[in-house]
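**Student:** The amino acid sequence is not available; the structure is as follows:
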């Protein structure tokens, strides 16, 4: 039952990231910025196409997903701490396609557990 509740919460978080309305959230500032994060060229986030989304499969590592898409997406949620059991991170990538197109990926222990997309082309 505990496992089922976890997946329901993770799925709800992912769906929240699928909203196409304007965001009122301000971007989170990294705890310790890296040179790449402060460089002007790094301000652009990777976008995702439907073709890239279809190449991504559950069980892939976060690094494998980043390699396919071409970079990191926007961190939407994090549960727990790195290295702890149940540590989960949800990333959203803006998509190429219809207005509001995006894809969300939920990683538990660095391994993709759930993926979703809306409007990708």
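**Tutor:** Received, thanks. The model shown is predicted, which means the values in this text are computed figures rather than measured ones.

**Student:** Residue 78 contacts residue 91, correct?
**Tutor:** No: under the criterion of CB atoms under 8 Å, residue 78 is not in contact with residue 91, lying 9.9 Å apart. Where you see a C-beta, it was placed from the backbone N, CA and C, and this is true even at glycine.

**Student:** Residue 58 should be in a helix, yeah?
**Tutor:** No: the assignment for residue 58 (DSSP: H, G, I helix; E, B strand; the rest coil) gives coil, which keeps it out of a helix.

**Student:** Mind listing what's buried along the helix or strand harbouring residue 68?
**Tutor:** Per DSSP states H and E, residue 68 falls inside helix 62-69. By 16 or more other CB atoms under 10 Å, the buried positions in helix 62-69 come out as 62, 65-66, 68-69.

**Student:** now, among those, which is nearest to residue 120?
**Tutor:** residue 69 (11.5 Å; CB to CB).

**Student:** which residues does that closest one contact?
**Tutor:** Counting by CB atoms under 8 Å, 6 or more residues apart in numbering, residue 69 touches 46-48, 52, 56, 93.

**Student:** circling back: I'd like the buried residues of helix 62-69 written out as TSV, with pLDDT added.
**Tutor:** Below are the buried residues of helix 62-69 laid out as TSV (pLDDT from 0 to 100):
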residue	pLDDT
62	95
65	97
66	96
68	97
69	97
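
**Student:** What is the nearest of the residues you listed to residue 112?
**Tutor:** Nearest to residue 112 among the buried residues of helix 62-69, counting by CB to CB, is residue 65 at 6.2 Å.
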